[in-house]
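> fold the following and give me the result.
(one chain, ligands or ions: 2)
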Amino acid sequence: MLILGIETSCDETAAAVVRADAPKGGRVVSEAILSQLDEHRPYGGVVPEIAARSHLDHIDALVAQAMEQAGIGFADLDALAVTAGPGLIGGVIVGVMTAKAIAAVHRKPLVAVNHLEGHALTPRLSDDVPFPYLLLLVSGGHCQILAVEDVGRYRRLGTTIDDAAGEAFDKVAKMLGLGYPGGPALQKAAERGDPRRFDLPRPMKGRPGCDFSFSGLKTSVRQTVEKMPPGPLSEQDKADLAAGFQAALVDSVRDRVKKAIILFKELYPHGTALVTAGGVAANVPLRASLKALAAQADLDFVAPPLKWCTDNAAMIAWAGAEHLRRGAVSSLDFKPRPRWPL
Ligand code: KG4
Ligand code: ZN
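Ligands and ions are numbered 1, 2, ... in the order given. Purely as a prediction, here's the structure:
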């Protein structure tokens with residue numbers, strides 16, 4: 001089963017061909033991806049209008065590249081899968097129209113994929129993780145803990161009540177003048193910092209439930225910066241603030257996931273894995289903390305390779321395959337959705 005996946009919901013234009021019936025390790029036949037980071041960097045964040053235009057400029061070439069690398073033509077495809085939301089709607093429309101055009105001309109089935117579902121099912125693409133599993137989805141736009149019961153069946157155990165974790169990383173990095181995107185830059189700065197120099201809050205720690213909150217922590221960093229002597233922050237100040245923020249965020253997420261594991265084990269005694277996905281899953285201290293939590297709870301810890309944690313088209317093709325296996329195909333008149341909760 002050969003599927004072409006297309007992803008254009010944020011700042012990555014991506015196309016990939018997946019052979020869904022191959023064993024793990026051999027499923028992703030080709031991948032073409034173009035990051036728009038350089039185009040958005042001057043603005044310190046993703047500009048939707050620029051993103052949409054850039055997707056339009058590049059999507060055809062990326063699809064051609066993925067097909068060429070796979071050594072196939074459109075006639076060889078069994079189906080297409082495309083991100084139909086949630087995301088920046090201009091970009092989503094570009095991907096959806098491209099996929100619809102190919103599907104219509106070549107008479108191929110098309111699956112409209114929820115981007116979050118793409119992230120949620122990635123551990124099955126990379127590691128064959130069986131249902132049900134516990135998922136921490138942490139990216140620039142999303143921060144949720146889900147019990148993944150089956151394809152299309154997700155129980156939300158917790159969500160952020162304000163910022164997403166990646167958003168908090170990006171905003172604090174901006175505050176400290178660490179550049180864009182903030183997450184990787186902040187992690188790097190934190191390596192040279194003392195996490196104990198500043199006393200920062202651990203949001204939601206000890207509270208019932210599994211929800212997240214990061215805006216208080218972000219405000220705390222801002223207030224700490226404002227209380228420092230006037231003038232620019234020294235490199236050591238920046239490193240200590242970065243380390244303090246990262247330690248507080250990881251501690252807070254750890255507390256929430258620990259609660260979620262207890263709930264998950266009650267609800268699904270046969271569940272075997274704690275899984276993470278989304279761009280923030282690239283954070284090394286966070287990964288280490290989750291791995292230790294999983295080991296304590298006797299769960300496998302699965303984190304897909306970094307290139308499939310961040311936005312990509314292989315995960316969309318794979319999610320499409322999971323639906324196709326269950327006989328689900330979308331009709332060609334489906335509408336792109338800026339909002340689409342799982
Ligand atoms: O999943 P993703 O590529 O895009 C979406 O938001 O859907 O995630 C991007 C987010 C950004 O906020 C970025 O700063 C964050 O992931 N990120 C990190 C790291 N690498 C990427 N945050 C913390 N530590 C990292 N190493
Ligand atoms: Zn994403």
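> what residues are up against V151?
Counting by CB atoms under 8 Å, 6 or more residues apart in numbering, V151 makes contact with 121, 322-323, 326. (Glycine included, C-beta is placed from N, CA and C.)
> out of those residues, which is most surrounded?
When neighbours are counted by other CB atoms under 10 Å, L121 leads the contacts of V151 with 27 neighbours.
> element containing that residue?
helix 115-127 (DSSP states H and E).
> can you list contacts of the helix or strand just after that helix?
Going down the chain from helix 115-127, the next helix or strand is strand 133-138, by DSSP H and E. With CB under 8 Å, 6+ apart as the test, strand 133-138 has contacts from 116, 119-120, 123, 143-148, 157, 164-166, 253, 257, 260-261, 264, 271-281, 286, 290, 299, 302.
> can you select the buried ones among the residues you listed for me in ChimeraX?
Selecting the buried subset of these in ChimeraX, with 16 or more other CB atoms under 10 Å as the burial test, is done by:
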select :116,119,120,123,143,144,145,146,147,148,157,164,165,166,253,257,260,261,264,271,273,274,275,276,277,278,279,280,281,286,290,299,302
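> just the contacts of strand 133-138 that are near ligand 1?
The subset of the contacts of strand 133-138 within reach of ligand 1, by CB under 6 Å from any ligand atom, is 166, 278-280.
> same list, the residues you listed, but as TSV with secondary structure please.
TSV is the format used below for these (DSSP: H, G, I helix; E, B strand; the rest coil):
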residue	secondary structure
G166	helix
G278	coil
G279	helix
V280	helix
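> ok, the residues you listed vs ligand 2, which is closest?
The closest of those to ligand 2 turns out to be G278 (CB to the ion; 6.0 Å).
> would you map the strands across the stretch 201-342 of the chain?
For the stretch 201-342 of the chain, the strands defined by DSSP state E, counting those that start in this stretch occupy 273-277, 300-302.
> among these, which is nearest ligand 2?
Using CB to the ion, the nearest of those to ligand 2 is strand 273-277, at 8.4 Å.
> partner strands of that closest one and their direction?
When pairing is defined by DSSP bridges, strand 273-277 lines up against strand 133-138 (parallel), strand 300-302 (parallel).
> wait, G73 touches M67, no?
Yes: counting by CB atoms under 8 Å, G73 does reach M67; the two are 6.8 Å apart.
> looking at these two now, which is surrounded by more residues?
M67 (21 against 10).
> okay, the ones next to ligand 1 among the contacts of strand 133-138 in a markdown table with pLDDT and distance to ligand 2 next?
Listed next are those as a markdown table, based on pLDDT from 0 to 100; distance: CB to the ion, whole Å:
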| residue | pLDDT | distance to ligand 2 |
| --- | --- | --- |
| G166 | 95 | 9 |
| G278 | 91 | 6 |
| G279 | 90 | 7 |
| V280 | 95 | 10 |
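> farthest pair within these?
Within these, G166 and G278 form the most distant pair, 7.2 Å apart (CB to CB).
> now the helices for this structure?
Applying DSSP state H to the chain gives helices spanning 37-40, 48-70, 89-106, 115-127, 165-175, 182-190, 215-227, 235-267, 284-296, 306-309, 314-325.
> ok, back up a step: quickly list what's touching both of G166 and G278.
138-139.
> surely R325 touches A20?
Yes: assessed by CB under 8 Å, R325 is found in contact with A20 at 7.5 Å.
> between those two, who's got more neighbours?
More neighbours surround A20 than the other of R325 and A20, with 19 against 12 (other CB under 10 Å).
> now for the nearest residue to E117 once chain neighbours are set aside: which residues touch it?
Distances taken as CB to CB, 6 or more residues apart in numbering place A319 nearest to E117, at 5.1 Å, with adjacent residues excluded. By CB under 8 Å, 6+ apart, the contact set of A319 is 81, 111, 113-114, 117-118, 120-121.
> top of these by neighbour count?
A81 (32 neighbours).
> for the closest residue to K100 other than its chain neighbours, what are phi and psi?
Excluding its sequence neighbours, the residue lying closest to K100 (CB to CB, 6+ apart) is L332, at 5.7 Å. With angles defined as degrees, to the nearest 10, L332 sits at phi -70, psi -10.
> so what pLDDT did L332 get?
On pLDDT, L332 comes in at 92.
> report how many residues lie close to it.
13.
> how much space separates the residue nearest to E117 from ligand 2?
12 Å (CB to the ion, to the nearest Å).
> can you check A66 too?
Noted for A66: a distance of 19 Å to ligand 2, by CB to the ion.
> so that residue touches A15, yeah?
Yes: contact between A66 and A15 holds when scored by CB under 8 Å: they sit 4.0 Å apart.
> which one of these two has more residues nearby?
Between A66 and A15, A15 has the larger neighbour count (other CB under 10 Å), namely 35 against 25.
> contact partners for the more buried one?
So A15 contacts 4-7, 31-33, 59, 62-63, 65-67, 313 (CB under 8 Å, 6+ apart).
> from those, pick the one nearest Y180.
I33 (18.7 Å).
> ok, the closest one touching I6?
No: shown here, I33 and I6 do not form a contact pair, counting by CB under 8 Å, at 11.2 Å.
> joint contacts of the two?
Listed contacts common to I33 and I6 are 14-15, 313; contacts here mean CB under 8 Å, 6+ apart.
> need those residues in a markdown table (columns: pLDDT and distance to ligand 1).
Listed next are the shared contacts of I33 and I6 as a markdown table, based on pLDDT from 0 to 100; distance: CB to the nearest ligand atom, whole Å:
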| residue | pLDDT | distance to ligand 1 |
| --- | --- | --- |
| A14 | 98 | 11 |
| A15 | 98 | 16 |
| A313 | 98 | 13 |
